[in-house]
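**Q** everything below, folded, please.
(2 chains)
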Protein chains: 2
Amino acid sequence: MGIKYSLPESFTSYRDTVRIELKKVIDSYPSVVCNMLRYHMGWQDEHGHPCCRESGKFIRSTLCLLSCQAVGGDTSQVIPAAAAVELIHNFSLIHDDIEDASYERHHRPTIWKLWGQSQAINAGDTMFTLAYLALLKLKEQGIGDAKIAGSTKMLSLACLELCEGQYLDMEYESRLDTTIEDYLDMAAKKTAALLAVATSLGAYLGGEDSKLVDSFHLFGKELGIAYQICDDILGIWGMEESTGKSVGDISQRKKTLPVVYGLQNSEGEARKRLEKLYSQKSIKGEDIDEVIKILDQLSARDFAENLAEQYYYKALAQLEATRLDLSRQAPLKETACFLLKRDF
Amino acid sequence: MGIKYSLPESFTSYRDTVRIELKKVIDSYPSVVCNMLRYHMGWQDEHGHPCCRESGKFIRSTLCLLSCQAVGGDTSQVIPAAAAVELIHNFSLIHDDIEDASYERHHRPTIWKLWGQSQAINAGDTMFTLAYLALLKLKEQGIGDAKIAGSTKMLSLACLELCEGQYLDMEYESRLDTTIEDYLDMAAKKTAALLAVATSLGAYLGGEDSKLVDSFHLFGKELGIAYQICDDILGIWGMEESTGKSVGDISQRKKTLPVVYGLQNSEGEARKRLEKLYSQKSIKGEDIDEVIKILDQLSARDFAENLAEQYYYKALAQLEATRLDLSRQAPLKETACFLLKRDF
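**A** Residues are numbered from 1 along each chain as shown, chains lettered A, B, ... in the order given. As a prediction, this is how the structure comes out:
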């Protein structure tokens, strides 16, 4: 960490393709609600004027297309699935921002902050529905109905995990006894499920080998857990300017990995303080600094970085288990490496 | 209105079938979130203990199965679609209750009131996802993949309309210039879209005649508008005890049909008062009585009842246009009649 890595080339090229598809899906539905969605995506300002404030890196859709490419599939056929996964991700961001009462995302007011909670809930529901309609466009790409039904099931199961993960994430806020196992279960659901469905959909739609699909699912899952841990680290030690988030993880008492580690491994006075701070309704100002100081003393960051690395290697092992040509694995490896070394 | 009609027999028998399917779908997913969903359905109290407080009449799922039956289809095959429509309806209720800040539904605290807004948003999202998974169970009933993909598209398009209608419903709260046309457009989307997809899915999955599907869609749509108008009337002149809703429509400045009619057709002092009352942030106590008095003077209730009746007859005309045996149309007619004469 700390070094700024640029987006791999494969990443940027697919991003343009996905953006075009996303715009098509959203524009195909002539509703005022879509103005909020275009605002959220960074394509419009709050008055409906075009702007270029896109901040999403389209990680999930790119992973989907790279996975399709890795199994030798025709990526152009799979774009609707990539777009669907991206829409699910963005629906969840819109609702998460309400649930976590986040005022800003990527330096811009969140939808609920501008249009109110009620309209934001409804905008998220619209984005969710559009994800399914995006997926159904696989038919236009020559994908058969059986695979479309199969994809719909895979996406829906991932959404259920997403909701369960979100539930746990909120539930843990008011608890002090969250274990590393609890945390990993939550991260697997809240974050990794969507990365796993991205990679597995790519392999499923791009090929015919169901064992490969399983391997790609596990690859996405392990990578997703690693990714979430890195996100946790950035949420505490990252710079607000680069993430565009206020250091909300601590103030909202989120049981991120470093904090879970801290609560489980601190002793004596440090433990008492940490438990006291995390028993407040929210953590503010100097209390945040104190939490970080205690975590630093416990080397919680090292612990988290090591665990992220372990999951990164687990992910790579899943990729290697596919026995695909190394040249085919390379872009996914490059992307995985980029995702974990990111400093944004 | 005013006379208490009991549920038609066909209604009650299908209700049991749908309930079993809904329970299967919700129970198949072992998540704590489902406790909130079972609570919402009236099958559990807030502590997770079984109870019998089910209040939903499963109107939409019953219409789906009756439509299937009318075109000569095998209703047992179509149960997953009926359940899916019911789940969409209930997801929208969970989110509506947050959006409208409703404390109670059918004499019980709403999910958000018990578990907070954030968990309620997430519970709604879970219900939404389960609807898609319910629909995919059509495969187990021998429905082909093409029809499953087609059904997914129909359901998703209805959800988009639902969201658009919900947007308009909220948007109109702060407006005084909503026209009858605006209102009908909103009702068509907010309410009728889901009834229309219920009836059209029944015909689509139960038969092979696409013209029939269109007629059933229009039948559901016209019926849905009539149904919403009746709901508006109950929301003003119905008894709180029987609807289980507080007279929230007026206090929330909802532009229901009688109010739209009142704002458009009042003159002089009455118009000034109505506009003044509806320019407040919310309407309370004696002001509510005053609104009702003005609407009564304008015979707004008669106007609404007449329009509901017109849509009821439009719905029946669509049903007759199917040229199905009258004996096949009968249960749907009976249900349509029941829905509009309801006094609950």
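**Q** quick one: find the helix or strand in chain A with the lowest mean pLDDT.
**A** When the helices and strands of chain A are compared on mean pLDDT, DSSP states H and E, helix A:240-243 comes out lowest with a mean of 51.
**Q** count of neighbours near A:Thr256?
**A** 29 (other C-beta atoms under 10 Å in any protein chain shown). Using the backbone N, CA and C atoms, a C-beta is placed for each residue, glycine as well.
**Q** could you report the distance from the residue lying closest to it once chain neighbours are set aside to A:Tyr39?
**A** Of all residues not flanking A:Thr256 in the chain, A:Asp232 sits nearest, at 3.7 Å (C-beta to C-beta, 6 or more residues apart in numbering or on different chains). A:Asp232 is 28 Å from A:Tyr39, where distance means C-beta to C-beta, to the nearest Å.
**Q** these two: which is more packed in?
**A** The neighbour comparison of A:Asp232 against A:Tyr39 (other C-beta under 10 Å) goes to A:Asp232, with 26 against 23.
**Q** pretty sure A:Cys34 sits in a helix.
**A** Yes. Applying DSSP: H, G, I helix; E, B strand; the rest coil, one finds A:Cys34 inside a helix.
**Q** around chain B, pick out the residues from chain A.
**A** By the rule C-beta under 8 Å from any C-beta of the partner chain, the part of chain A lying against chain B is A:29, A:31-33, A:95, A:98-100, A:117-119, A:121-122, A:124-126, A:128-130, A:132-133, A:136, A:139, A:144-146, A:148-149, A:152-153, A:156-157, A:159-160, A:163-164, A:166-167, A:170-171.
**Q** downstream of the least confident helix or strand of chain A, the next helix or strand is which one?
**A** Sequence order places helix A:248-251 as the next helix or strand after helix A:240-243, per DSSP states H and E.
**Q** what residues does that following helix touch?
**A** A:100, A:102, A:232, A:235-236, A:254, A:256, A:259, A:282-284, A:288, A:291-292 (C-beta atoms under 8 Å, 6 or more residues apart in numbering or on different chains).
**Q** can you report phi and psi for whichever residue of the stretch 201-344 of chain A sits closest to chain B?
**A** Nearest to chain B, among the residues of the stretch 201-344 of chain A, is A:Gln252, at 10.8 Å (C-beta to the nearest C-beta). Main-chain torsions, A:Gln252, degrees, to the nearest 10: phi -90, psi 10.
**Q** does it touch A:Lys284 like I think?
**A** No. A:Gln252 is beyond contact range of A:Lys284, at 10.7 Å (criterion: C-beta atoms under 8 Å).
**Q** more neighbours, those two?
**A** Ranked by neighbour count (other C-beta under 10 Å), A:Gln252 and A:Lys284 place A:Gln252 first, with 20 against 11.
**Q** where do the strands sit along chain A?
**A** For chain A, the strands defined by DSSP state E occupy A:104-105, A:108-109.
**Q** least confident of these, on average?
**A** Sorting those by mean pLDDT places strand A:104-105 lowest, at a mean of 93.
**Q** what strands flank that strand, and is each parallel or antiparallel?
**A** Strand A:104-105 has the following strand partners under DSSP bridges: strand A:108-109 (antiparallel).
**Q** picking up where we left off before, closest one to A:Asp209 among the strands of chain A?
**A** Closest to A:Asp209 of those is strand A:104-105 (C-beta to C-beta; 38.4 Å).
**Q** so where is the stretch 151-300 of chain A shaky, pLDDT-wise?
**A** A:239-247 (pLDDT under 70).
**Q** just give the closest residue to the residue nearest in space to the middle of chain A, not the sequence neighbours.
**A** Residue closest to the mean C-alpha point of chain A, counted by C-alpha atoms, centre = their mean, is A:Thr191 at 5.1 Å. Residue nearest to A:Thr191 in three dimensions, not counting chain neighbours: A:Gln228, with 4.1 Å by C-beta to C-beta, 6+ apart.
**Q** same question for A:Lys153.
**A** For A:Lys153, the spatially nearest residue (C-beta to C-beta, 6+ apart) is B:Leu136, at 5.2 Å.
**Q** before we move on, back to that, contacting residues for the residue of the stretch 201-344 of chain A closest to chain B?
**A** Contacts of A:Gln252 by C-beta under 8 Å, 6+ apart are A:Asp100, A:Ala101, A:Glu173, A:Ser282.
**Q** count the neighbours of the first one for me.
**A** Burial measure for A:Asp100: 19 neighbouring residues, criterion other C-beta under 10 Å.
**Q** try the one 4 residues further on
**A** Counted with other C-beta under 10 Å, the neighbours of A:Glu104 add up to 15.
**Q** gap between it and B:Cys159?
**A** Taking C-beta to C-beta, one finds A:Glu104 at 29 Å from B:Cys159.
**Q** try A:Ile180
**A** A:Ile180 is 39 Å from B:Cys159, by C-beta to C-beta.
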